[in-house]
Structures are given as C-alpha cells and as structure tokens.
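Student: just need the structure, nothing else, for what follows:
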Amino acid sequence: MDDTQKKTKQVQIKANEEMSQGRYSNTMFIAHGPEEFIIDWLLNSPTGAHLVSRIIVTPGHVKRIINALQENLKKYEEKFGEIKLMEPADHKFH
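Tutor: Down below sits the predicted model:
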C-alpha cells in the first residue's frame, strides 16, 4: 500500500449538542430477524433498565462493526495493556 492509499478520509459529522455529548450504556440487548439486527443500548440502574439508544443495522453492517471493534480493541490493548473482564455476580435487571 503506497502513501496515497494510507491517507485517511475525513468525514464531517453533523450532530446537535445533546447527541454530540454521547450517552453512557452499561448493558445491551440484541435481537435480529432475517434482514436486520436491533441493538438496544441500556443503562441498568437502581431505578431499572433505561433505553439509551436503539440502532438498527443490516447483517452485513453488523459484521463490519464487529471487525472494526476487534481491530480497535487489539490496538487499544497493544497500547494500554490487556483489558481484564470482571463479570458481575448478578446479570438480572433491577
């Protein structure tokens, strides 16, 4: 791959102030049908589970998302060290 192919494309993203602040999620729920995956990002809190965001994508896009996450997770761990998973004792919603 030469230098011109290595250049990253810049994408301009438009978002309102609320959206650009981001949302915190500590739980997710995934459902799928033949044509789409539905990913619900949830906040599991003492007052219950709250829907933070719902994303609906095609199966092909899910595969691209997984590949991008795996690649970025590898880069993260190379830079900062292995992430240790701590499984919560209780997986149920409050």
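
Student: what are the ranges of the helices in the chain?
Tutor: Applying DSSP state H to the chain gives helices spanning 3-6, 17-20, 59-80.

Student: what residues sit buried inside the longest one?
Tutor: Taking 16 or more other Cβ atoms under 10 Å as the neighbour-count basis, helix 59-80 is seen to contain the buried residues Val62. C-beta: built from backbone N, CA, C; applies to glycine.

Student: same check, this time on stretch 41-51
Tutor: Going by 16+ other Cβ under 10 Å, stretch 41-51 has these buried residues: 41-44, 49.

Student: before we move on, back to that, which of the helices of the chain sits closest to Gly33?
Tutor: Nearest to Gly33 among the helices of the chain is helix 59-80 (9.6 Å), distances taken as Cβ to Cβ.

Student: separation between His32 and Ile39?
Tutor: In this view, His32 and Ile39 are 9 Å apart by Cβ to Cβ, to the nearest Å.
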